[in-house]
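A.B. asks: sequence plus the predicted model coming up.
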Amino acid sequence: MFSVEVDGLTKSFGTTPVLRGVSLRVDPGEFLAVVGPSGSGKSTLLYCMSGLEPATSGSVRILGRDLGSLRRGALAGLRRDHVGFVFQAYNLIPSLTARENVALPARLARRRIDAAEIDRALADVGLAGHAAHRPAALSGGQQQRVAIARVLAVRPDVVFADEPTGALDTSSGAQVLDLLAKVPADGRSVVMVTHDLSAAARADRVVVLRDGLVHRELARPSAAEVFAALGES
């Protein structure tokens, strides 16, 4: 079973088509990057694949479940139990400590909070000594690592990342990419949208979007090969 299956996906906003019939698969344990010029539909594809946006037509399946056939509560439950999100904006709660931010998904889901798992997730991202710090006391890179620890703590089957290094310096961005690259090691999948060609080259496969369509797919490419594919007519 694929982690994510997309078939003939279209998405329009009003009369403006953004995705024009995208089909792709994401295997368990695969790190997939999506690149493309501005306006190509990268982020829209990510939001549709993750269930944050409904498709206009076509289908999206996560772990074999058709998102279009799920009621709102079932869709929210699928995202809560099987999907993790990492965004450029971090989405941390300013009044909560790093530990409390990492524990928040379990609290919202009314699940037992495993303190050891929370501390382990923070240690895995190198922030064991910052658990009591609030976001304002952390750098941008540290805040993004808290956001990743929040995902690691719930161990989702699929992680969707939208420009996760976009607001970070080179060193912090490299640390974040190192963490995302470790997620597929135990069979989980990562789908990352990025404009950073070096970041894309960390993936197992790169999908190049253009005008809402899949233009190319590249297996373990270099940054130079991604750049060349973006420049093709």
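C.D. replies: That came in fine, so what should we check first? Numbering: from 1, shown residues only.

A.B. asks: ok, now how distant is residue 39 from residue 226?
C.D. replies: Distance of residue 39 to residue 226, given as CB to CB, to the nearest Å: 18 Å. Quick note: C-beta positions are derived from backbone N, CA and C, even for glycine.

A.B. asks: who has more neighbours out of those two?
C.D. replies: Taking other CB atoms under 10 Å, residue 39 and residue 226 do not tie; residue 226 has more neighbours (24 against 12).

A.B. asks: output the longest helix belonging to this protein.
C.D. replies: Criterion DSSP state H: the longest helix present in the chain is helix 140-154.

A.B. asks: hey, C-alpha coordinates of that helix in PDB?
C.D. replies: Extracted in PDB, the C-alpha atoms of helix 140-154 (Å, rounded to 0.1, in the frame of the first residue of the first chain):
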ATOM      1  CA  GLY A 140      14.300  30.500  14.200                       C
ATOM      2  CA  GLY A 141      16.200  27.300  13.700                       C
ATOM      3  CA  GLN A 142      15.400  26.200  17.200                       C
ATOM      4  CA  GLN A 143      11.700  27.000  16.800                       C
ATOM      5  CA  GLN A 144      11.600  24.900  13.600                       C
ATOM      6  CA  ARG A 145      13.300  22.000  15.400                       C
ATOM      7  CA  VAL A 146      10.600  22.300  18.100                       C
ATOM      8  CA  ALA A 147       8.000  22.000  15.300                       C
ATOM      9  CA  ILE A 148       9.800  18.900  14.000                       C
ATOM     10  CA  ALA A 149      10.000  17.400  17.500                       C
ATOM     11  CA  ARG A 150       6.200  17.900  17.800                       C
ATOM     12  CA  VAL A 151       5.900  15.800  14.700                       C
ATOM     13  CA  LEU A 152       8.400  13.200  15.900                       C
ATOM     14  CA  ALA A 153       6.600  12.700  19.200                       C
ATOM     15  CA  VAL A 154       3.400  11.500  17.500                       C
END
